[in-house]
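Enquirer: With the sequence up front, the predicted model follows.
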Amino acid sequence: MIRCFILLLFILAGCSDSNSPKSDISVSVQKIDTIVNLDSSVNSVASSIYQDYTNYWIVIADTGLKYDQLLKQMLVLNEKVKLPIDSMGRFYNRKKDLIALPDNDEDEMYAGEYFPRRFESDFLSIEYLNYYTSSSKEKVMSIVAGVFINESSADSVLTQIRNFKSSAFKLKANLYTGCMH
């Protein structure tokens, strides 16, 4: 890619008009330096993009296609395990068949849309499973019992959940944690 830029630079330098001073050669050298520096900038941008992702352990208490059933199970888990519920202001919009923020939410970009839980937390919430694992089908919902940096923290919550829900599991996910606006 750098070679293409250098070649393009020499082609453009050769296309200059005959009245231009001979000092263009030093300008071209400066441009080549800039292109070489661009390569490190590209690496820096790529590194920055990679930093917008974080590996987390997600504890899933249960999955299903019916929001009302999962909500009932989540309320029972809340009572038994004493994990708080945080819906992040979302609810199940029956007309849209979607877990969504209210249509009049202050976040205009995501108002009326699904906005996932994507940072470390030990709250119960109902989420779309395909956000956390690509092996899930669209519209499969899950009761998330926490998002954890440390696997040991996830294991601790998973043990508590399994006392009431033997099918609970954890998975590792690389979540986008950068700006979504």
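Expert: Good, I have the coordinates. Numbering: from 1, shown residues only.

Enquirer: CA atoms for contacts and neighbours, from now on please.
Expert: OK.

Enquirer: Need the distance between the two termini of stretch 162-177.
Expert: Terminal residues of stretch 162-177 lie 28 Å apart, using CA to CA, to the nearest Å.

Enquirer: mind listing the helices in this protein by residue range?
Expert: For the chain, the helices defined by DSSP state H occupy 2-14, 24-51, 67-81, 151-162.

Enquirer: Who are the contact partners of the residue lying closest to residue 140 once chain neighbours are set aside?
Expert: Distances taken as CA to CA, 6 or more residues apart in numbering put residue 65 closest to residue 140, at 5.2 Å, once the chain neighbours are dropped. Applying CA atoms under 8 Å, 6 or more residues apart in numbering to residue 65 gives the contacts 139-141.

Enquirer: Please repeat the previous calculation with a cut-off of 10 Å.
Expert: Contacts of residue 65 were listed using CA atoms under 10 Å, 6 or more residues apart in numbering, and they are 128, 138-142.

Enquirer: Dump the residues you listed into a markdown table; add neighbour count, distance to residue 161 and pLDDT as well.
Expert: Listed next are the contacts of residue 65 as a markdown table, based on neighbours: other CA atoms under 10 Å; distance: CA to CA, whole Å; pLDDT from 0 to 100:
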| residue | neighbour count | distance to residue 161 | pLDDT |
| --- | --- | --- | --- |
| 128 | 25 | 19 | 96 |
| 138 | 12 | 25 | 92 |
| 139 | 16 | 23 | 94 |
| 140 | 16 | 20 | 98 |
| 141 | 22 | 17 | 98 |
| 142 | 25 | 14 | 98 |
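
Enquirer: Of those residues, which pair is most distant in space?
Expert: Greatest spatial distance in the contacts of residue 65: 138 and 142, 11.5 Å, computed using CA to CA.

Enquirer: Mutual contacts of those two, please.
Expert: Common contacts of residue 138 and residue 142 (CA under 10 Å, 6+ apart): 65, 128-130.

Enquirer: now residue 101, nearest residue through space, not along the chain?
Expert: residue 90 (4.4 Å).
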